[in-house]
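[1] need a 3D model of the sequence below.
(chains A, B and C)
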Amino acid sequence: MVRRGLQDHVAGRVVSRVEVMHPRAIRRHLPGTVDFGGRIAGRELVAARRRGKYLWVDLSSGEAVLAHLGMSGQMLVQPPGTPDEKHLRVRLTFADDGPELRFVDQRTFGGLSVEPVVTVDGVPLPAPIAHIARDPMDPAFDRTAAIAALRRRRTEVKRALLDQTLVSGIGNIYADEALWHARLHWARPTDALTPRKTGELLDAATAVMNAALDVGGTSFDALYVNINGQSGYFDRSLNAYGQEGLPCPRCGRAIQREPFMNRSSFSCPRCQPRPTTS
DNA sequence: CAACCGCCCTGGGTGC
DNA sequence: TGCACCCAGGGCGGTT
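    Below is the predicted model:
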């Protein structure tokens, strides 16, 4: 969605100016603000790409602008003169005087950087994300290999699901929803999962991601962005995540919240029984 | 090396 | 009304 928006609105255009409103937004660009702007200004944005939670735009220089939207980041295309958003972090102005590209991010978990492009298995990727696995939407995604990779891990199933080096694109929300669909408790050890069950879980995660994309999971065009940066999907379609105390849509039992990796996991105590282990 | 833990950072919401 | 505090969460560095 966001990638498509970038491809449609900024590909082929030449950047004339780069403004960094908040240095934290480019904290991963170690050479700093001046270097960041210098590597983008005067370059053409060639094509927009995505892998997992990362998004990048190839530059005519051979480098790429790498973006991670975090949980509150947005890429907006706005006509020049549009009032600055409250949390505007970076602005790219174009030589054609057309719409600007704005990186807006309330919590600044996300950020931008300019990176060299390396080739991994014949695929060009920004160097810092060379280790990130393909996501399920990737045409070359290998489902069987992903299932094997998940089962190979000796850990709790949710930890494996969140590991971006195995399968990318699955975050805390999608993981909880996928586990709910597959009727698995997050603490289930991976080595107790059959390939079939793991496949069911992976398919559920993929379906949740597709559903989120359909309703604009992370919005791109300013026309479709609502105030809190989230879509109606979060209000209507979540079965477990954030639903503590509300009835499970499947069985009616109250959804529970449990601490997990310094955050939370939501699950149905009846549909997703905790594994009986030591 | 695999697994895992703590920390980073901002600001909206909440409770007193 | 104001203020302290909590919480969101992906990824990275450090440790075992």
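[2] near DNA strand B, which residues of chain A are found?
    For chain A, the contact set with DNA strand B under CB under 7 Å from any atom of the strand comprises A:24, A:86-87, A:106-109, A:152-156, A:159, A:261-262. The C-beta positions use only the backbone N, C-alpha and C, and glycine is treated the same way.
[3] from those residues, which ones fall inside helices?
    Per DSSP state H, helices hold the following members of the residues of chain A next to DNA strand B: A:152, A:159.
[4] going through the residues of chain A next to DNA strand B, which ones are buried?
    Neighbour counting with 16 or more other CB atoms under 10 Å marks A:87, A:106, A:108, A:153, A:156, A:159 as buried within those.
[5] ranges for the helices of chain A?
    Under DSSP H, chain A gives helices at A:2-10, A:33-40, A:143-152, A:157-162, A:172-181, A:195-214, A:233-236.
[6] what sits up against the fourth one?
    The set of residues that contact helix A:157-162 without belonging to it, under CB atoms under 8 Å, 6 or more residues apart in numbering, is A:150, A:153, A:166-167, A:170-172, A:175-176, A:178-179, A:184, A:186-190, A:193, A:201, A:205, A:260-261, A:265.
[7] same thing with the longest one?
    Around helix A:195-214, the neighbours that count as contacts under CB under 8 Å, 6+ apart are A:1, A:135-137, A:143, A:146-148, A:150-151, A:157, A:161, A:167, A:169-170, A:174-175, A:177-179, A:181-182, A:184, A:190, A:193, A:217, A:231, A:233, A:237.
[8] could I have the buried ones of these as PyMOL selection syntax?
    Listed next is the PyMOL selection for buried residues among these, using 16+ other CB under 10 Å:
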select buried, chain A and resi 1+135+136+146+147+150+151+157+161+167+169+170+174+175+177+178+179+181+182+184+190+193+217+231+233+237
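[9] before we move on, back to that, check the residues of chain A next to DNA strand B against DNA strand C, which are close?
    When contact is defined as CB under 7 Å from any atom of the strand, the residues of chain A next to DNA strand B meet DNA strand C at A:107, A:109, A:262.
[10] how close does the second one sit to residue A:24?
    Same thing as residue A:109. From residue A:109 across to residue A:24, the span is 10 Å (CB to CB, to the nearest Å).
[11] also the first one?
    When CB to CB is applied, the distance between residue A:107 and residue A:24 equals 10 Å.
[12] same thing with residue A:130?
    With CB to CB as the criterion, residue A:130 and residue A:24 are 24 Å apart.
[13] leaving out the residues flanking it, which one is nearest to whichever residue of the stretch 151-278 of chain A sits closest to DNA strand B?
    Here the stretch 151-278 of chain A gets closest to DNA strand B at one residue, residue A:155, 3.1 Å apart by CB to the nearest atom of the strand. Spatial nearest neighbour of residue A:155, chain neighbours left out: residue A:190 (6.1 Å); criterion: CB to CB, 6 or more residues apart in numbering.
[14] please apply the same query to residue A:237.
    Nearest to residue A:237 is residue A:211, by CB to CB, 6+ apart, at 6.2 Å.
[15] ok, residue A:167 next?
    Of all residues not flanking residue A:167 in the chain, residue A:146 sits nearest, at 4.9 Å (CB to CB, 6+ apart).
[16] likewise for residue A:168?
    residue A:52 (2.7 Å).
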